[in-house]
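Enquirer: Quick one, fold the following:
(one chain, ligands or ions: 1)
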Amino acid sequence: MNVLVTGGAGYIGSHAVRALLRAGHSVTVLDDLSKGHRAAVDPGAEFIEGDAGDTVLVRRELAARRIEAVLHFAASIEVAESVADPLKYYRNNFSTAIRLLQAMREAGVQRLVFSSTAAVYGHPLTTPIPESHPRQPINPYGRSKMMTEMAIEDCAQAWGLGACVLRYFNVAGASPDATIGEDHEPESHLIPRILRSLAREGTGRVQIFGTDYPTPDGTCVRDYIHVEDLADAHVLALGGIEPGAVRVFNLGSESGFSVRQVVDACRKVTRTELRIDEQPRRPGDPAVLLASSREARETLGWAPRYSELETILSHAYAWHRANPDGFKKSRS
Ligand SMILES: NC(=O)c1ccc[n+]([C@@H]2O[C@H](COP(=O)([O-])OP(=O)(O)OC[C@H]3O[C@@H](n4cnc5c(N)ncnc54)[C@H](O)[C@@H]3O)[C@@H](O)[C@H]2O)c1
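Expert: From the prediction side, this is the model:
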């Protein structure tokens with residue numbers, strides 16, 4: 001299939017591009033490089049620098065390249081920033097998606113895979129969280145994704161759009177060959193914060209926010225999914241799109257690890273001591289976030305290859321050690 005990947009120069013998108021190429025798809029990446037990296041885009045893909053919300057550009061490229069499906073990763077992703085600057089999130093996540101959908105409609109492109117998030121669930125009522133759990137996001141980031149999901153549902157009804165909405169839990173890891181990986185600025189995720197500082201400075205200091213949660217060791221419990229397994233799920237989702245229907249899949253590992261367990265596993269994988277700085281809880285952090293991914297396994301036939309936390313960490317650490325400054329270092 002001819003596929004357009006918005007945000008394909010970003011962390012998850014760049015891994016998905018490789019998975020799509022491996023599966024035999026023809027890939028064009030559209031990224032404005034506001035956060036992504038040109039060097040992360042596989043040379044086997046075409047690259048367009050531009051805004052996914054530029055309806056004229058997108059409509060033209062969809063037609064010229066005979067695009068049959070869009071994978072929409074492009075978004076702003078910082079929860080804290082979304083609280084401070086909500087309009088940025090409604091603009092870049094919701095409004096950009098509306099403009100992209102408009103261009104797809106005008107160009108007759110009827111297939112979409114959309115990057116959504118566990119943040120649409122807010123504080124979960126049940127654990128593990130099934131896809132049928134009510135959407136009740138607690139920040140503008142989650143709301144911008146929920147609103148986009150709703151717009152997609154309405155387009156499916158109105159003009160036969162077929163979509164898979166993928167709700168990711170905590171994504172981590174890197175390509176096992178250490179050539180692409182996570183390089184966010186700022187970096188707010190626990191695992192790359194620890195491993196990047198170890199790779200850069202040889203020492204690590206970890207802030208743990210909240211040690212009095214109702215969990216076995218008092219720290220938050222999260223569900224980590226390897227970025228390569230997530231990328232594979234996109235290829236399966238692309239094949240699983242049904243005209244006029246929106247299918248929703250959680251993507252997580254179904255195993256929960258507390259922040260302290262992650263820190264201990266980082267110590268083990270890197271063989272380095274880490275200093276812990278215990279801080280009060282951050283507002284809005286649920287105690288436990290755990291996916292039920294049964295639907296993706298049973299309906300899409302998704303079978304994660306790297307569920308072990310230590311494998312996720314060792315791939316991520318190999319990436320950070322080979323590229324302590326991320327994509328800034330030019331690689332030949
Ligand atoms: N990283 C996670 O743990 C996680 C978890 C849940 C959901 N998600 C979702 O997955 C998607 C990808 O996340 P990521 O971690 O790879 O983020 P990322 O910042 O690494 O990638 C996003 C990419 O989109 C590009 N971009 C942003 N706005 C754009 C626009 N208007 N037009 C064109 N390009 C634009 C950026 O330059 C970047 O390359 C996002 O939609 C995010 O909300 C990520």
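Enquirer: Where does the prediction get shaky in this protein?
Expert: 329-332 (pLDDT under 70).
Enquirer: can you list the residues of it near the ligand?
Expert: Residues of the chain found near the ligand, taking Cβ under 6 Å from any ligand atom as the criterion, are 6-7, 9-13, 30-36, 51-53, 73-75, 77, 92, 96, 115, 117, 168, 170-171, 184. Using the backbone N, CA and C atoms, a C-beta is placed for each residue, glycine as well.
Enquirer: tell me what the longest helix seen in the chain is packed against?
Expert: Secondary structure of the chain read by DSSP state H shows that its longest helix is helix 140-159. In this structure, helix 140-159 packs against helix 79-84, helix 86-89, helix 96-107, strand 111-117, strand 162-168, strand 246-251, with contacts taken as 3 or more Cβ pairs under 8 Å, 6 or more residues apart in numbering; DSSP states H and E.
Enquirer: how about a cut-off of 6 Å?
Expert: Using 3 or more Cβ pairs under 6 Å, 6 or more residues apart in numbering; DSSP states H and E as the contact definition, the elements that helix 140-159 packs against are helix 79-84, helix 86-89, helix 96-107, strand 111-117, strand 246-251.
Enquirer: Go ahead and measure how far that helix is from the middle of the chain.
Expert: 17 Å (Cα atoms, centre = their mean, to the nearest Å).
Enquirer: Would you mark the buried spots in that helix?
Expert: Of the residues in helix 140-159, those scored as buried under the neighbour-count criterion (16 or more other Cβ atoms under 10 Å) are 140-149, 151-153, 155-156.
Enquirer: Out of these, which is nearest to residue 201?
Expert: Using Cβ to Cβ, residue 141 is the member of the buried residues of helix 140-159 that lies nearest residue 201, at 29.6 Å.
Enquirer: Chain neighbours aside, what residue packs nearest to the closest one?
Expert: Counting by Cβ to Cβ, 6 or more residues apart in numbering, the nearest residue to residue 141 once its immediate chain neighbours are dropped is residue 82, at 3.8 Å.
Enquirer: can you count the residues close to the one you found?
Expert: Neighbour count of residue 82, defined by other Cβ atoms under 10 Å: 23.
Enquirer: wait, it sits on residue 89?
Expert: Yes: between residue 82 and residue 89 there is a contact under Cβ atoms under 6 Å: 4.3 Å.
Enquirer: Residues in contact with both of the two, list them for me.
Expert: Shared contacts of residue 82 and residue 89, defined by Cβ atoms under 6 Å, 6 or more residues apart in numbering, are found at 140, 141.
Enquirer: Nearest to residue 287, out of the helices and strands packed on helix 140-159?
Expert: helix 79-84 (16.3 Å).
Enquirer: Tell me which residues are up against that closest one.
Expert: Residues from elsewhere that reach helix 79-84 (Cβ under 6 Å, 6+ apart): 89, 139, 140, 141.
Enquirer: Could you give me the buried positions within that helix?
Expert: Buried residues in helix 79-84, counting neighbours by 16+ other Cβ under 10 Å, are found at 79, 81, 82.
Enquirer: From the chain's centre, how far out is that helix? Work that out for me.
Expert: 17 Å.
Enquirer: which residues of the stretch 151-300 of the chain fall in helices?
Expert: Counting by DSSP state H, counting those that start in this stretch, the stretch 151-300 of the chain forms helices over residues 190-201, 227-239, 259-270, 294-300, given from the N-terminal end onward.
Enquirer: Buried deepest among those, which one?
Expert: Of all the helices of the stretch 151-300 of the chain, helix 227-239 has the most neighbours on average by mean count of other Cβ atoms under 10 Å, namely a mean of 23.
Enquirer: In terms of secondary structure, what does that one contact?
Expert: Counting by 3+ Cβ pairs under 6 Å, 6+ apart, the packing neighbours recorded for helix 227-239 are helix 11-22, strand 111-117.
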